[in-house]
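**Student:** this is a predicted model, with the sequence first.
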Amino acid sequence: MWKPPQRIKFAARLGRVPSREEAAASRLFSPIRLGPITLEQRSWVPAMVPWRATEAGFVTDEVVDWYRRFARGRPGAIVVEATGIRDVPSGPLLRIGHDRFLPGLRRLVETVRQESRGHTRLLIQLIDFLVIRRRPDPGAFFRRFLVLTDRHREALGGGLDDEIRERLAMLPEAELPRILAPRELEALRFGYRERVTDMKREHIRRLPETLPDLFAAAAARAREAGFDGVELHYAHAYTMASFLSATNTRPDGYGGSREHRVRLPLEVYHRVRRRVGGDFAIGCRFLAEECVAGGSTREDAVYFGREFASAGMDFLSTSRGGKFDDAKQPAIGAAAYPYTGPSGYECMPQYLSDETGPFGRNAAATAEIRAAIRAAGFATPVVCSGGVHNFEMAEAMLAQGVCDIIGAARQSLADPDWFRKLALGEGRMIRLCQYTNYCEGLDQNHKPVTCQLWDRTGLDAPGVRLTADGKRRLVAPDWEPAGEESC
Ligand SMILES: Cc1cc2nc3c(=O)[nH]c(=O)nc-3n(C[C@H](O)[C@H](O)[C@H](O)COP(=O)(O)O)c2cc1C
Ligand code: SF4
């Protein structure tokens, strides 16, 4: 992963730990309504893909264990990882594009209900993404994948197609930008990647027709499985974020101006709402800043936030960056990954940072979005994540109006009980995330995600499930409070 050149070291700190009474009176442990549902406390475990689904996208025992473990910490809400809404193969990513996925998802919901003793609300993140291919071997690219055009033929002086392909394959790297179109060059260097602006492709042109129903059907299944709500994934490098992006130049009324870019995300929301009704929570995750050259800015996000709130969304969750635009070149045979460049750093900032540091990196932008939503007369709750890891910080963010709910992804992975420990006055027992991004490295390599702070401990304890190589445990060791508990 890219790191800021300043390489300033930051360390997470426990900060002031509240007593049980102080926690009970705090903002963090006060309830909040999300449209039709109520969170008992303002703690939120954002979506994290743990790479535990089957190749066909089904819930496994390991998926259930992963969420069971978070549920034991009893946060206000857990958002289940990005889950594909189409009925197409997408590797070991969870899917919800067909009714056959329902039994597994139901089991997941029941487990979280049981394990949190009904204290935690469960949402699921719904995602659509476009095709991305692995970086090809150059020989195979020129001999098989590249579609020859007159541009290539003319540049190489004509001849049979096979000869042209051979000549292309032999050209020095420096010559290629003169002969290949920019997208061909990108396909060679990074792997082919579809964009929402590829209007010559029918399925891309028709996305505004197809996506609302796909999202609505997925949300209806989520409701049927027993979830409390859905989070529409409008963030990072995926289809809906690409519609919102300032780089979206579609000429069909769904690109260009902010008003046009927000059109499909709003249409998706309205179709989902019509399908699932008013008593099911619907919100979205979107970018407070895209953090790439030519991308959407904070001002765009302020506009989008107001539009989403005014449309009636029940919550808004902000993230930042995580784009393909500045991703690192992958190795041959690997796919580009949207968290490897500077915008990826903004999304999951680690302990080596710049003057701003990794903690609360999305706070200023989120505060602006929330203030604009409030100024427009909407009370829509806003979730902010990014380096939040202690009580003092969470309380300050809530007190200062940065957000209404505290999202903590990696801190919850490091210690799934951290909210519960705070609530019980046991904050000293918290295992603090070190923001090394070891977990993110596993995610990048599509390996089961674990935390370095606990994945090598107690491997031989009874009932502990391990990775296939037997080297890492898959969930954090259990923790039980010492005395009687009434929380
Ligand atoms: C392993 C891993 C997987 C993630 N998967 C998702 C995801 O499925 N959807 C999403 O919106 N964000 C995802 N994220 C981003 C987190 O939700 C969160 O925004 C980010 O880690 C910053 O918050 P934090 O500092 O509290 O970790 C993932 C993060 C990690 C570390
Ligand atoms: S591996 Fe653990 S300590 Fe390191 S960033 Fe991830 S959650 Fe934090």
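**Tutor:** In hand now; what should we look at? Numbering: from 1, shown residues only. Ligands and ions are numbered 1, 2, ... in the order given.
**Student:** what's the local residue count around Ile96?
**Tutor:** 29 (other C-beta atoms under 10 Å). Yep, even glycine has a C-beta here, placed from its N, CA and C like the rest.
**Student:** and Ala24, by the same measure?
**Tutor:** Residues near Ala24, counting by other C-beta under 10 Å: 14.
**Student:** skipping its backbone neighbours, what lies nearest it in space?
**Tutor:** Ala423 (7.5 Å; C-beta to C-beta, 6 or more residues apart in numbering).
**Student:** for that neighbour, give me phi and psi.
**Tutor:** phi -60, psi -30 (degrees, to the nearest 10).
**Student:** show me where the stretch 151-300 of the chain dips below the pLDDT cut-off.
**Tutor:** In the predicted model, the stretch 151-300 of the chain carries no residue with pLDDT under 70.
**Student:** got the residues of it near ligand 1?
**Tutor:** When proximity is defined as C-beta under 6 Å from any ligand atom, the stretch 151-300 of the chain approaches ligand 1 at His233, Ala235, Arg285.
**Student:** next, format those residues as CSV and append secondary structure, neighbour count and distance to ligand 2.
**Tutor:** Listed next are these as CSV, based on DSSP: H, G, I helix; E, B strand; the rest coil; neighbours: other C-beta atoms under 10 Å; distance: C-beta to the nearest ligand atom, whole Å:
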residue, secondary structure, neighbour count, distance to ligand 2
His233, strand, 26, 21
Ala235, coil, 28, 19
Arg285, strand, 26, 19
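**Student:** contact residues of the stretch 251-400 of the chain facing ligand 2?
**Tutor:** Checking the stretch 251-400 of the chain against ligand 2 by C-beta under 6 Å from any ligand atom, there are no hits.
**Student:** what's the burial count for the residue of the stretch 251-400 of the chain found nearest ligand 1?
**Tutor:** Nearest residue of the stretch 251-400 of the chain to ligand 1: Ser385, at 4.0 Å (C-beta to the nearest ligand atom). Around Ser385 there are 30 other residues, counting by other C-beta under 10 Å.
**Student:** mind checking how far the nearest residue to it once chain neighbours are set aside is from Pro46?
**Tutor:** Distances taken as C-beta to C-beta, 6+ apart place Gly407 nearest to Ser385, at 3.0 Å, with adjacent residues excluded. Noted for Gly407: a distance of 4 Å to Pro46, by C-beta to C-beta, to the nearest Å.
**Student:** quick one: which of those two has more around it?
**Tutor:** Gly407 (29 against 22).
**Student:** which residues do Gly407 and Pro46 both contact?
**Tutor:** With contacts taken as C-beta atoms under 8 Å, 6 or more residues apart in numbering, Gly407 and Pro46 have Ser317, Val383, Ser385 as neighbours in common.
**Student:** pretty sure the last one contacts Arg320?
**Tutor:** Translated: Ser385. No: Ser385 lies out of contact with Arg320 (C-beta atoms under 8 Å); the separation is 9.6 Å.
**Student:** now do the shared contacts for the two.
**Tutor:** In contact with both Ser385 and Arg320: Asn362, using C-beta under 8 Å, 6+ apart.
**Student:** buried residues in stretch 65-78?
**Tutor:** Buried residues in stretch 65-78, counted by 16 or more other C-beta atoms under 10 Å: 66-78.
**Student:** before we move on, what about stretch 267-275?
**Tutor:** Neighbour-count burial for stretch 267-275 [16+ other C-beta under 10 Å]: Glu267, Val268, Tyr269, Arg271, Val272, Arg273, Arg275.
**Student:** tell me which element the last one falls in.
**Tutor:** Mapping Arg275 onto the secondary structure by DSSP states H and E places it in helix 263-276.
**Student:** quick check, stretch 30-50 touching ligand 1?
**Tutor:** Yes: Stretch 30-50 lies within reach of ligand 1 by C-beta under 6 Å from any ligand atom, at Pro46, Ala47, Met48, Val49.
**Student:** list just the nearest of these to Val402.
**Tutor:** Pro46 (15.4 Å; C-beta to C-beta).
**Student:** now do the contacts for the closest one.
**Tutor:** Val79, Arg285, Ser317, Ser319, Val383, Ser385, Gly407, Ala408, Ala409 are the contacts of Pro46 under C-beta under 8 Å, 6+ apart.
**Student:** which one of these is nearest ligand 2?
**Tutor:** Using C-beta to the nearest ligand atom, those come closest to ligand 2 at Ala409, 8.2 Å.
**Student:** show the pLDDT at that closest one.
**Tutor:** On pLDDT, Ala409 comes in at 98.
**Student:** ok, the one 4 residues further on next?
**Tutor:** We have a pLDDT of 98 for Leu413.
**Student:** number of nearby residues for it?
**Tutor:** Leu413 - counted by other C-beta under 10 Å - has 23 other residues nearby.
**Student:** then Glu299?
**Tutor:** 12.
**Student:** again with Glu110
**Tutor:** Residues contacting Glu110 under the criterion other C-beta under 10 Å number 13.
**Student:** and it, how close does it get to Val59?
**Tutor:** Plainly put, Glu110 is 11 Å away from Val59 if you go by C-beta to C-beta.
**Student:** let me have the shared contacts of Gly407 and Pro46 in CSV, adding secondary structure as columns.
**Tutor:** Shown next, in CSV, are those (DSSP: H, G, I helix; E, B strand; the rest coil):
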residue, secondary structure
Ser317, strand
Val383, strand
Ser385, coil
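**Student:** report the contact partners of the spatially most distant residue from the centre of the chain.
**Tutor:** Farthest-out residue of the chain from its mean C-alpha position, per C-alpha atoms, centre = their mean: Gly159, at 48.3 Å. By C-beta under 8 Å, 6+ apart, the contact list for Gly159 reads Arg153, Arg167.
**Student:** tell me, how many residues neighbour Arg456?
**Tutor:** Number of residues near Arg456 (other C-beta under 10 Å) recorded here: 11.
**Student:** sec struct for it, please.
**Tutor:** coil.
**Student:** and for Glu231?
**Tutor:** Here Glu231 is strand, with the state taken from three-state DSSP.
**Student:** can you tell me the closest non-neighbouring residue to it?
**Tutor:** Of all residues not flanking Glu231 in the chain, Gln125 sits nearest, at 4.5 Å (C-beta to C-beta, 6+ apart).
**Student:** how far does the helix or strand encompassing the one you found sit from the chain's center?
**Tutor:** Here Gln125, judged by DSSP H and E, is contained in strand 121-127. Relative to the centre of its chain, strand 121-127 is centred 11 Å away, using C-alpha atoms, centre = their mean, to the nearest Å.
**Student:** Ala174 - that's part of a strand, no?
**Tutor:** No: under three-state DSSP, Ala174 falls outside any strand and is assigned helix.
**Student:** sorry, back to before: Throw the shared contacts of Gly407 and Pro46 into JSON lines and include pLDDT, thanks.
**Tutor:** Below are the shared contacts of Gly407 and Pro46 laid out as JSON lines (pLDDT from 0 to 100):
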{"residue": "Ser317", "pLDDT": "98"}
{"residue": "Val383", "pLDDT": "98"}
{"residue": "Ser385", "pLDDT": "97"}
